[in-house]
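Peer 1: Sharing a model prediction with you, sequence too.
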Amino acid sequence: MTKPSGPRPLVLAIAAAASAGLCVAAGQWLLLDNWWLLAVLAAVVGGAGGLWLTQWAVSARWDRVHVRRLRYKLPQLDGLHHEDFEFAVRDLMRRDGCADAVQVGGAGDNGADVTATDPLGRRWVIQCKHRQDGASGSPVGTPDLHVLNGTGRQLHGGDVVVLVTNGRFTSGCAPLAKSQKLHLVDRGMLGEWAAGSRPLWELLQRLPPPGKRPALS
């Protein structure tokens, strides 16, 4: 049986020694004869790092200012793409103190477009229904509420489960939402919230207290 071919240990040892010698020689060349190259390199790296940190700090500060001052008018919201509407709802939650608010909508979202945790520790699960024609568009009906009711708490762990639209709801939505401890944000409430008057949890009624998930009737 033949042995597998490959470098012999002696060859490997010689190669390793040669590599180490080259590294030592290069180090001596830099330290003794060309130390100024190291100084220049350090200055360049330090300057680039400082510039990056400065830009990052400015960007972070601008983001905080933008979020605090965020306001929308209803025509602005009407003109958004449905996905941008979800991001707008996310940003409004962030503006009001939900630092972890994220947009999760898309294929396979199981009825949730935005999730967030409010300052009292309650987890919000929000489904967004955008209408380009606003109040003149087709109303949001009970089938959407049934989907949200089946996933908002069971799959997404929501304490507060909300359906928000820039349009309107059919007449059957309010009683269904009340019976299932869901919350509706119609065009009027959305306009008040987006204008920055109060956080959404101050506009809605019958919210569960912190740490207590509402039981279904």
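Peer 2: On my side now, so go ahead.

Peer 1: can you give me the strands in this protein?
Peer 2: Using DSSP state E, the strands assigned to the chain run over residues 102-103, 114-117, 123-129, 160-165, 183-185.

Peer 1: For residue 196, find the nearest of the ones you listed.
Peer 2: Of all those, it is strand 183-185 that lies closest to residue 196, at 15.1 Å by CB to CB. No exception for glycine: its C-beta is placed from N, CA and C like everyone else's.

Peer 1: So which elements touch the closest one?
Peer 2: strand 160-165, helix 173-179 (3 or more CB pairs under 8 Å, 6 or more residues apart in numbering; DSSP states H and E).

Peer 1: can you rerun that using 10 Å?
Peer 2: Applying 3 or more CB pairs under 10 Å, 6 or more residues apart in numbering; DSSP states H and E, we find strand 183-185 packed against strand 123-129, strand 160-165, helix 173-179, helix 187-194, helix 200-203.

Peer 1: Centre-most residue in the protein?
Peer 2: residue 102 (3.1 Å; CA atoms, centre = their mean).

Peer 1: For residue 198, see how far away the closest residue to that residue other than its chain neighbours is.
Peer 2: Using CB to CB, 6 or more residues apart in numbering and skipping the chain neighbours, the partner closest in space to residue 102 is residue 115 (5.9 Å). When CB to CB, to the nearest Å is the yardstick, residue 115 and residue 198 sit 21 Å from each other.

Peer 1: okay, those two: which has more neighbours?
Peer 2: Set residue 115 next to residue 198 and count neighbours by other CB atoms under 10 Å: residue 115 wins out with 22 against 11.

Peer 1: from memory the more buried one sits against residue 122, does it?
Peer 2: No. The pair residue 115 / residue 122 is not scored as a contact, 11.5 Å apart, by CB atoms under 10 Å.

Peer 1: which residues are common contacts for these two?
Peer 2: By the contact definition CB atoms under 10 Å, 6 or more residues apart in numbering, residue 115 and residue 122 are jointly contacted by 98, 158.

Peer 1: export stretch 105-116 as CSV, just CAs?
Peer 2: Output in CSV follows, covering the C-alpha atoms of stretch 105-116 (Å, rounded to 0.1, in the frame of the first residue of the first chain):
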residue,chain,number,x,y,z
GLY,A,105,-45.0,42.6,7.3
GLY,A,106,-44.6,40.7,4.0
ALA,A,107,-45.2,37.2,2.6
GLY,A,108,-46.1,34.8,5.5
ASP,A,109,-46.4,37.5,8.1
ASN,A,110,-49.4,35.8,9.7
GLY,A,111,-51.4,38.9,10.2
ALA,A,112,-48.7,41.1,11.8
ASP,A,113,-47.1,44.1,10.1
VAL,A,114,-45.5,45.9,13.0
THR,A,115,-44.5,44.7,16.5
ALA,A,116,-43.3,46.8,19.4
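
Peer 1: for that stretch, which positions count as buried?
Peer 2: 105, 109, 111, 112, 113, 114, 115, 116 (16 or more other CB atoms under 10 Å).
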